[in-house]
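Colleague: Here is the input, now give the coordinates:
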Amino acid sequence: QPKPSVSSTTTSEPVQISPVVTGRSTGPIQRIPAARMKPSAPPLMQSPSQMVEPVPLESLQQPIPLEPAVTSITKENVEKTAAMGAVGGIAVYDALEPEQRQRAKDAAMSGLSKGWKKWQSLDDNQKASAKRTAVGAVGKAIKLWKQLPER
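Modeller: Next up is the predicted model:
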């Protein structure tokens, strides 16, 4: 396999060396002035206020449990999580531009309309089956809720 070669271009600009891949072999390395290079992705953080605390290395080396600890799932934690989700949804909606808000409303209404039309197209047996499935799911959720500890 031929070794890549570097062209010798003299420039005062910083350069980034970029291999050119063609087929199975690597072609010559091109020197591209850094000023002409475009970033492949936007920066993750725009301002210092968006900085996230670094995670300690030790915490990354701990094994990840395959199932959540049952003791951490409590009615209080479920309620808090649901409330945080609702508040987060409201915050996201509030942050949208007016056009984006209208698109979100239109999408929600379209989904509701499609669901209603689908429901109306079902025969009586299909509707009864869908109702049984929904009642069963609600029953399971209530049973699980009752089994959760308060705290």
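Colleague: use CA for all of it now, contacts and neighbours both
Modeller: Will do.
Colleague: Could you measure from residue 132 over to residue 112?
Modeller: Using CA to CA, to the nearest Å, residue 132 is found at 21 Å from residue 112.
Colleague: what's the answer for residue 96, then?
Modeller: With distances taken as CA to CA, residue 96 is found 21 Å from residue 112.
Colleague: which residues sit against the helix or strand hosting residue 126?
Modeller: According to DSSP states H and E, residue 126 maps onto helix 124-147. Under the contact criterion CA atoms under 8 Å, 6 or more residues apart in numbering, helix 124-147 has outside partners 75, 119.
Colleague: do that again at 10 Å, thanks
Modeller: Residues from elsewhere that reach helix 124-147, judged by CA atoms under 10 Å, 6 or more residues apart in numbering: 74, 75, 78, 119, 120, 121, 122.
Colleague: Same check on stretch 75-82?
Modeller: Looking at what lies outside stretch 75-82 - CA under 10 Å, 6+ apart - the contacts are 72, 74, 83-88, 145-151.
Colleague: ok, 7 Å please
Modeller: The contact list for stretch 75-82, computed with CA atoms under 7 Å, 6 or more residues apart in numbering, reads 148, 149, 150, 151.
Colleague: For these, give me TSV that also has pLDDT and distance to residue 136.
Modeller: Formatted as TSV, these follow (pLDDT from 0 to 100; distance: CA to CA, whole Å):
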residue	pLDDT	distance to residue 136
148	88	19
149	88	22
150	84	24
151	78	27
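Colleague: what does the average pLDDT come to for the helix or strand encompassing residue 106?
Modeller: Here residue 106 sits within helix 98-121, counting by DSSP H and E. Mean per-residue pLDDT for helix 98-121: 94.
Colleague: Quick check: which ranges of the chain have low pLDDT?
Modeller: By pLDDT under 70, the weakly predicted segments of the chain are 1-71.
Colleague: rerun that using 50 as the cut-off
Modeller: Counting by pLDDT under 50, the chain contains low-confidence ranges at 5-9, 11, 16-26, 44-45.
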